[in-house]
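Colleague: sequence below, structure please.
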Amino acid sequence: MWMALLPAFALIYVVGISHAAEHCPPAVQQARKILREEERLIPHASRPLAGASATPDLVKAAQLVEAAERACRAGDMEGANAKANAAISELERRP
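Modeller: Okay, here's the model as predicted:
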């Protein structure tokens with residue numbers, strides 16, 4: 001019987017995660033957006049999958065954005081906001 005309920009629990013879990021992401025501080029979405037824009041500016045040949053690595057500041061910013069998203073999913077909005085603002089600062093320092 002509990003096996004029949006498993007898909008329903010999985011759906012509730014996924015909806016809960018996406019619902020939490022919707023309520024992240026605005027800085028998290030802003031940091032994610034800036035990071036995507038910066039990643040698009042990297043020439044295709046120098047992307048990590050092509051064998052070269054991204055600049056250290058971009059890697060650090062990506063790690064901060066991921067940490068902010070994890071903090072948001074965990075319900076730590078203050079921590080998420082702080083990490084996102086740190087990522088934004090890191091990205092704004094880029095030439």
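
Colleague: buried residues of whatever helix or strand residue 82 lives in, list them for me.
Modeller: According to DSSP states H and E, residue 82 maps onto helix 77-92. In terms of neighbour count (16 or more other C-beta atoms under 10 Å), helix 77-92 has its buried residues at 77, 79-88, 90-91. Placement of C-beta: from N, CA and C, glycine included.

Colleague: just give me the closest of those to residue 24.
Modeller: When those are compared for distance to residue 24 (C-beta to C-beta), residue 80 comes out closest, at 5.8 Å.

Colleague: the closest one contacts residue 65, doesn't it?
Modeller: No - at 10.1 Å, residue 80 does not count as touching residue 65 under the criterion of C-beta atoms under 8 Å.

Colleague: what's the overlap in contacts for these two?
Modeller: Common contacts of residue 80 and residue 65 (C-beta atoms under 8 Å, 6 or more residues apart in numbering): residue 28.

Colleague: for residue 35, give its distance to residue 94.
Modeller: Distance, residue 35 to residue 94, by C-beta to C-beta, to the nearest Å: 11 Å.

Colleague: which stretches of the protein form strands?
Modeller: With DSSP state E as the definition, the chain shows no strands.

Colleague: mind listing the helices for it?
Modeller: 2-22, 26-41, 56-73, 77-92 (DSSP state H).

Colleague: any chance of JSON lines for those, columns mean pLDDT?
Modeller: Shown next, in JSON lines, are the helices of the chain (pLDDT from 0 to 100):
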{"stretch": "helix 2-22", "mean pLDDT": "46"}
{"stretch": "helix 26-41", "mean pLDDT": "91"}
{"stretch": "helix 56-73", "mean pLDDT": "94"}
{"stretch": "helix 77-92", "mean pLDDT": "95"}
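
Colleague: ok so, going back, so what sits against both of residue 35 and residue 94?
Modeller: residue 58.

Colleague: neighbour count winner among these two?
Modeller: Of the pair residue 35 and residue 94, residue 35 is the one with more neighbours under other C-beta atoms under 10 Å, namely 20 against 12.

Colleague: list the buried ones in stretch 27-45?
Modeller: By 16+ other C-beta under 10 Å, the buried positions in stretch 27-45 come out as 27-29, 31-32, 34-35, 38.

Colleague: perfect, that will be all.
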